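Engineer: what's the 3D shape of this:
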Amino acid sequence: MAKIRRMWLVLLATLILLLTLTGCGQGTKTGDKQQTPPAAGPVNKNLILATTTSTMDSGLLDVLIPMFEEKSGYIVKPNAVGTGQALAMGDQGNADVLLVHAPADEVKLVQKGTVINRQLVMHNDFIIVGPPSDPAGIRGVKKAADAFKKIAAKQAIFVSRGDDSGTHKKEKDIWKEAGINPQGKWYQEAGAGMGQTLNIASEKGGYTLTDRGTYLALKKNLNLDIMLEGEKTLLNIYHVMQVNPEKFPGMKINSEGAKAFVDFMVAPETQKVIGDFGKDKFGQSLFFPDAGKDENTLGQ
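Structural biologist: As a prediction, the model looks like this:
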């Protein structure tokens, strides 16, 4: 009798265990359908973006970064510096992804193997702006180098970014084309981003070279007019690229996040946002989307 009772107790315990396990399995169901577990987010959520001040000063990244974060689950930590500094951050493994506008210097990093997956994103253009009184008489001049020659000849105030940014590099190229080594009290280096440089030029009644997007974004607070625009050599071309994790094995480069950001910047939806950015405020785009285009055809 005792033996039969023990058998019944064992069977009852087994039944209870089976019912418990079945109940746990049903907790993941809704009706007759198995629920899909939530997708895992990025393992490393933090993404360091090194970029130029123009993308921040124009307000473009204030629109794009929240879009990317919402879609991807990454948290972007932007460092808005001159393009020279942004490229240096990449070259030292201190960033995950770069968004910059100095093509010749970018190619050098590609050749070194420091960056990979370099993609054309967009362009706007550089313009020369100055005080409405135009003391150097450059309004209507067709070539930037000729305008710089007149500014130097008059020793009219010229405010340079002086920060090794993409804009500063372009400015130095123009001075070189003009055959002038600018120096003296009239030539002043701000050592600052584009927004600050424009404000200094406005306050001092000076000229400067700027990207169109930042100028238009700040125009209402500036006493500066466009003096020269439209020269093909003044195209301002932006690329996005990943820092190569194989170059920095001990630096924990977020290559997955960087690739996600590159893919996001060239995606059709993002390119449309770039193309529409600024139209509501200025009646024109601040940037022109270029993903998938032949860079050599830009400006034609």
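Engineer: Helices of the stretch 201-300 of the chain, start to end?
Structural biologist: Using DSSP state H, counting those that start in this stretch, the helices of the stretch 201-300 of the chain run over 212-218, 255-266, 268-276, 279-282.
Engineer: Comparing these, which comes out most buried?
Structural biologist: Most buried of the helices of the stretch 201-300 of the chain by mean neighbour count (mean count of other Cβ atoms under 10 Å) is helix 212-218; its value is a mean of 23. The way it works is simple: take the backbone N, C-alpha and C, and place the C-beta from them, glycine included.
Engineer: And that helix, what does it pack against?
Structural biologist: Under the contact definition 3 or more Cβ pairs under 8 Å, 6 or more residues apart in numbering; DSSP states H and E, helix 212-218 sits against helix 53-57, strand 115-130, helix 194-204.
Engineer: same thing but 10 Å
Structural biologist: In terms of contacts (3 or more Cβ pairs under 10 Å, 6 or more residues apart in numbering; DSSP states H and E), helix 212-218 is packed against helix 53-57, helix 60-72, strand 115-130, helix 194-204, strand 208-211, strand 225-228, helix 279-282.
Engineer: Distance to Gln85 added to the ones you listed, as TSV?
Structural biologist: Shown next, in TSV, are those (distance: least, Cβ to Cβ, whole Å):
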stretch	distance to Gln85
helix 53-57	10
helix 60-72	16
strand 115-130	15
helix 194-204	13
strand 208-211	16
strand 225-228	27
helix 279-282	28
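Engineer: which of these sits most buried?
Structural biologist: Ranked by mean neighbour count, the helices and strands packed on helix 212-218 are led by strand 208-211 with a mean of 28 (mean count of other Cβ under 10 Å).
Engineer: And the pLDDT for the spatially closest residue to Ile253 that is not a sequence neighbour?
Structural biologist: Nearest residue to Ile253 in three dimensions, chain neighbours excluded: Pro245, at 4.0 Å (Cβ to Cβ, 6 or more residues apart in numbering). pLDDT recorded at Pro245 is 95.
Engineer: so how many other residues sit close to Pro245?
Structural biologist: 17 (other Cβ atoms under 10 Å).
Engineer: do you know how far it is from Ala145?
Structural biologist: Shown here: Pro245 relative to Ala145, a distance of 42 Å by Cβ to Cβ, to the nearest Å.
Engineer: just checking, what packs against the helix or strand where Lys108 lies?
Structural biologist: Secondary-structure element containing Lys108, defined by DSSP states H and E: helix 103-112. In terms of contacts (3+ Cβ pairs under 10 Å, 6+ apart), helix 103-112 is packed against helix 83-91, strand 97-100, strand 115-130, helix 166-178, strand 235-243.
Engineer: Not counting that helix itself, show me its contacts.
Structural biologist: The contact list for helix 103-112 (Cβ atoms under 10 Å, 6 or more residues apart in numbering) reads 83-84, 86-88, 90-91, 98, 100, 102, 114-118, 120, 164, 166, 169, 173, 235-239, 241, 243-244, 247, 295.
Engineer: make it 7 Å
Structural biologist: Contact partners of helix 103-112, identified using Cβ atoms under 7 Å, 6 or more residues apart in numbering, comprise 87, 90-91, 100, 115, 118, 237, 239, 241.
Engineer: same deal with stretch 218-233?
Structural biologist: For stretch 218-233, using Cβ under 7 Å, 6+ apart, the contacting residues are 125, 127-132, 134, 138-139, 141, 143-144, 147, 195, 198, 201-202, 299.
Engineer: any low-confidence regions in the stretch 101-250 of the chain?
Structural biologist: Applying pLDDT under 70 to the stretch 101-250 of the chain flags no residue at all.
Engineer: now with 90?
Structural biologist: 164-166, 232-233, 249-250 (pLDDT under 90).
Engineer: list the contacts for Ile116?
Structural biologist: With contact set as Cβ under 7 Å, 6+ apart, Ile116 has these partners: 241-242, 244.
Engineer: hang on, I meant Ala291
Structural biologist: Ala291 sits next to 119-121, 266, 271 when contact means Cβ under 7 Å, 6+ apart.
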